[in-house]
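A.B. asks: sequence below, structure please.
(chains A and B)
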Amino acid sequence: MNCLPNPSDFRQSLRAALAATDPGERLNKLADLAQFRLGFLETIQLDNALGKTAATARAGFAQLRLALLSSCTVDHLLPAIRVAGLRQRLLIEVYMGSFGQYRQELLDPVSALHNFRPEIILLSLTAREAIAGVPLEATTVEAERAVAGAIADVRQLWCTARETFKATVIQQSFLDVSEPLFGSYDRLVPGTPTRLIARLNDLLADAAAQEHVLWLDVARASARDGLDAWFDVARWLQGKIEIAPQSAAHYGDLLARLIAAHRGQSKKCLALDLDNTLWGGVIGDDGLEGIRLGEGSAVGEAHAGLQRYAKLLKDRGVILAVCSKNDLATAEAAFREHPEMVLRRSDIAAFVANWNDKVENLRVIAEQLNIGLDSLVFVDDNPAERARVRESLPMVAVPELPADAAHYVRCIADAGYFEAVSFTDEDRHRAGQYAANADRQALRDVSQSMDDFLRGLDMSVVFGSIVPVDLARVAQLINKTNQFNTTTRRYTTEELSGFAAAPENITFQFRLLDRFGDNGLVSVMILRPVPDEPDVLDMDSWVMSCRVFGRQLEVEAMNIAVEAAQNRGVRAFRADYIPTKKNGVISGLYESLGFSRLDQPLTTDGVSRWRLNLAEYHTRPTFIIRRGQ
Amino acid sequence: MTDQDILDVFTRILRELLANDSIVLRTDTTRSDVPDWDSFMYVNFIVAVEMELGIKFGVADVESFKSVGDIVAKTRALLG
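C.D. replies: Presented below is the predicted three-dimensional model:
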């Protein structure tokens, strides 16, 4: 939570928010306040105010129902969960199961839990319950059997949660609050609590990965912060509270960022300042030889450490950008010529160094990369620049860097901006794809016409139904794509796998290749039958990555879809375009593909309905060659 | 801090916790005198006082508190 700035006057701001009579304005003010670092009492106050705010004005906020099922007291976590949700612009309604009754509630079809209809079920269980009854003298085989039994038990809960509620499941890792018995030797004795809990967490994490269950790692957080921050034995004795109240805000934030990541709200790009951020000193004044970077100085090592961390983020799919007040040539020279630079010029997808306002430059970066400003994290050592960006671009995340460069990495890492729930091939290759995009841009620059450019790309499309091995990427596209997204319907992996398996549906995944490389799996279509209209399919969802805009893939995809549907005896497609703040780029999509707009009164939310009689469709030529999956 | 200073801090904390500005704590106030001051909010109050003043009550202390005055006295002793 150290990445958040301190509020200047919390009480005053809270009063101002409560004084706002318009509920929408009030909610926005409360959400602004949630962007600050709040203490225990402040969190409860903000939550109180949120509870008093009319549920009617929710524009710009997503709502979701979370059931927290626990084997110990968790009442004190609820305000922190709601406030952390507000920070992510999520209005989380929390249902708290009765203490230790989660099994019965999951199974009982008339329980209050069923009435609540949770969309997310969080299992917050204590280790002492999971390993109760395993004797200290247990052999390795007995201990492993007990752990396997506990895992099977939890998996059964996941299964019930999914089948009964169609809910997304979050499993919390087990906190190890056990005391040493033998000392260091504990980890070598199969039946000690600490050994059992370690095994339990390892195997349960494996099971979660297999089952696509989300993993809330409080054990890792407590290892970083120290157990005393997370567990207070007095609270346990007083009220069976396992997660200490002083860590409630941190817990809420870990949970909310996990949910946000699952919904595709994580940040995508790290925009870095240069002077006194990526290196020590000011290159314009100190010169290439004068900046402090790398070996020979602790400060230099600290800045190199930030570069190494940025490089690791790049390797896992985060886009890197530079946003600096410098001469472009001077700044780029450091990347090319300084021997201690970890980051190379080619690691940076958007490099903006000039004397303009950084607010303007961040806009330029977002535009160049074709991502939203709300996908940016801006890292700058200068408090004035940070304040200015926060003020003008509140959607950009700006970590409150500590004064000491030694702690830059920890501050950025602990903020969890890039929280992920999958790691796909596309993530692994994203940086290379952005570099290839620069090569494509170069080709475009020398091409006489658009056709020349497209022909010169030697494009081919690999397509087929959605297949299980690509489900994680398909879910990522469906849940993260905002621009080319016809309906912006979000689906879980389970739902998508259900669509793919249902024989009445037609699903597609498209991969685009060209002479500069594989763009990866970049588009998904889901066509489902229309009730009461035989032989008509509805375009439930169609998404495409912004990386391949303007490459005719939407045309070739429609050619492919029409052909496949005709082979199945389908007569027509129906399609809705549901406008959002971000998908205006495809408002003319269906018209351009030959769909006719259905005569119907325009709904207030601007949804338009389209139809294509397949017999009337003319296949449109493109420069894309088809290849089977 | 005088006892009155401590009482003032307690009053502010409880007002903020319960979002009720009419609360005024005295040394003879007990939990049942304050609307909504249930056992959950009692734990929250203890936690908030500990965090704000940087002190830690023993479990025996918390169990023995009968009135706000008891908490004030213990707080004064811990602040030393």
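
A.B. asks: residues from chain B in reach of chain A?
C.D. replies: Counting by Cβ under 8 Å from any Cβ of the partner chain, the residues of chain B close to chain A are B:13, B:16-17, B:19, B:39-40, B:43-44, B:47-48, B:51-52, B:56-59, B:62. Where you see a C-beta, it was placed from the backbone N, CA and C, and this is true even at glycine.

A.B. asks: in the helix ranked longest in chain A, which residues are buried?
C.D. replies: Using DSSP state H to assign secondary structure, the helix with the most residues in chain A is helix A:140-165. When neighbours are counted by 16 or more other Cβ atoms under 10 Å in any protein chain shown, the buried residues of helix A:140-165 are found to be A:143, A:146-147, A:150-151, A:154-155, A:157-158, A:160-162, A:165.

A.B. asks: could you pull up the residues touching the closest residue to residue A:181 other than its chain neighbours?
C.D. replies: Taking Cβ to Cβ, 6 or more residues apart in numbering or on different chains as the measure, residue A:181 lies nearest to residue A:192, with 5.8 Å between them; neighbours along the chain are not counted. The neighbours of residue A:192, taking Cβ atoms under 8 Å, 6 or more residues apart in numbering or on different chains as the test, are A:136, A:178, A:181, A:182, A:186.

A.B. asks: could you export those residues as TSV, including pLDDT, secondary structure and distance to residue A:241?
C.D. replies: As requested, the contacts of residue A:192 are arranged in TSV below (pLDDT from 0 to 100; DSSP: H, G, I helix; E, B strand; the rest coil; distance: Cβ to Cβ, whole Å):
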residue	pLDDT	secondary structure	distance to residue A:241
A:136	96	coil	26
A:178	95	coil	17
A:181	96	coil	24
A:182	97	coil	28
A:186	97	helix	25
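
A.B. asks: nearest to residue A:105, of these?
C.D. replies: Among the contacts of residue A:192, residue A:178 lies closest to residue A:105 (Cβ to Cβ), at 27.9 Å.

A.B. asks: could you check the pLDDT of the spatially closest residue to the closest one that is not a sequence neighbour?
C.D. replies: If the residues on either side of it in the chain are set aside, residue A:178 comes closest to residue A:193, at 3.7 Å by Cβ to Cβ, 6+ apart. Here the pLDDT value assigned to residue A:193 is 96.

A.B. asks: what's the answer for the one 5 residues further on, then?
C.D. replies: Per-residue confidence (pLDDT) for residue A:198: 97.

A.B. asks: ok and the helix or strand where it lies relative to helix A:140-165, angle-wise?
C.D. replies: In this structure, residue A:198 is located in helix A:193-211 according to DSSP states H and E. Calculated by axes from the mean of the first three to the mean of the last three Cα atoms, to 10 degrees, helix A:193-211 forms an angle of 40 degrees with helix A:140-165.

A.B. asks: need the residue closest to the centroid of the chain.
C.D. replies: As the question left the chain open, I've gone with chain A. A centroid search over chain A (Cα atoms, centre = their mean) returns residue A:261, at 2.4 Å, as the residue closest to the centre.

A.B. asks: oops, wrong one, chain B.
C.D. replies: residue B:10 (4.9 Å).

A.B. asks: give me the phi and psi for that one.
C.D. replies: Summarising the backbone geometry of residue B:10 under the convention degrees, to the nearest 10, its torsions are phi -60, psi -40.

A.B. asks: how confident was the prediction at it?
C.D. replies: 98.

A.B. asks: distance check, it against chain A.
C.D. replies: Between residue B:10 and chain A the distance is 12 Å, computed by Cβ to the nearest Cβ, to the nearest Å.

A.B. asks: was I right about that residue contacting residue B:74?
C.D. replies: No - under the criterion of Cβ atoms under 8 Å, residue B:10 lies out of contact with residue B:74, with a separation of 11.8 Å.

A.B. asks: just the closest of the contacts of residue A:192 to residue A:86, please.
C.D. replies: Out of those, the member with the shortest distance to residue A:86 (by Cβ to Cβ) is residue A:178, at 35.1 Å.

A.B. asks: phi and psi next, for the closest one.
C.D. replies: Taking degrees, to the nearest 10 as the convention, residue A:178 sits at phi -70, psi 150.

A.B. asks: residue contacts, it?
C.D. replies: Here residue A:178 is in contact with A:127, A:192, A:193, A:194, A:197 (Cβ under 8 Å, 6+ apart).

A.B. asks: ok so, going back, just the buried ones from the residues of chain B next to chain A?
C.D. replies: Neighbour-count burial (16+ other Cβ under 10 Å) applied to those gives B:13, B:16, B:17, B:19, B:43, B:44, B:47, B:48, B:51, B:57, B:62.

A.B. asks: list the residues that contact the closest residue to residue A:160 other than its chain neighbours.
C.D. replies: Spatial nearest neighbour of residue A:160, chain neighbours left out: residue A:106 (4.8 Å); criterion: Cβ to Cβ, 6+ apart. By Cβ under 8 Å, 6+ apart, residue A:106 lies in contact with A:69, A:113, A:157, A:160, A:161, A:164.
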